[in-house]
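> Fold the following for me, if possible:
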Amino acid sequence: MVGYTPILTVFAICCDMFLTSTVYFSIYCAATRNRPRVLSRAILPGFLSGLMLKLATYCWFLTNHYLSPVVTFPIVSADYGLITALYGSLVFKDVKGLVNCFIFIVASCVVLTGSLLTAFSKV
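The predicted structure follows:
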């Protein structure tokens, strides 16, 4: 992959998402006769989550560049679910009870072990 730059791909995706959301918001403003209801408390978290998504997308393209997509896809697919589950269990206390916590820890260890073994299979 000579000359492949993941940053240009992510930049194109970011521009596409920005233009699409601008068009959707313009249509919404036109439909509400320029009186949109915007929750001001949601603007900064929405902006920050978009930045996190773009950083994750860039990292995914970067790992696709150095490893192969066959290796990176299982890792990324499993780790998204693991991070979401960790966030839900730590912030929202989704996992309750000693047995459920034990099962969650064992499942997290299995996912991490599988991701590490998949990554080291390329080395």
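> Any chance of the backbone angles for Gly97?
The phi/psi pair for Gly97 (degrees, to the nearest 10) reads phi 100, psi 150.
> what about Ile75, neighbour count?
Residue neighbour count, defined by other Cβ atoms under 10 Å, stands at 19 for Ile75. In this view, the C-beta of every residue, glycine as well, is placed from N, C-alpha and C.
> Quick check: it vs Lys96, distance?
Ile75 sits at a distance of 29 Å from Lys96 (criterion: Cβ to Cβ, to the nearest Å).
> How is the protein partitioned into domains?
When the chain is parsed into structural domains using automatic domain parsing, the resulting residue ranges are 1-66, 68-123.
> Turn these into JSON lines, columns for mean pLDDT.
Formatted as JSON lines, the entries for the domains of the chain read as follows, by pLDDT from 0 to 100:
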{"stretch": "domain 1-66", "mean pLDDT": "85"}
{"stretch": "domain 68-123", "mean pLDDT": "89"}
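> which ones are touching Ser68?
When contacts are counted by Cβ atoms under 8 Å, 6 or more residues apart in numbering, Ser68 touches Lys122.
> Need the contact partners of stretch 92-109.
Around stretch 92-109, the neighbours that count as contacts under Cβ under 8 Å, 6+ apart are 82, 85-86, 88-89.
> In CSV, list those along with distance to Ser21 and secondary structure.
Conversion of the contacts of stretch 92-109 to CSV gives the following (distance: Cβ to Cβ, whole Å; DSSP: H, G, I helix; E, B strand; the rest coil):
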residue, distance to Ser21, secondary structure
Leu82, 28, helix
Ala85, 28, helix
Leu86, 29, helix
Gly88, 26, helix
Ser89, 31, helix
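> Looking at these, which is nearest Tyr58?
The shortest distance between Tyr58 and any of the contacts of stretch 92-109, using Cβ to Cβ, involves Leu82 and amounts to 19.8 Å.
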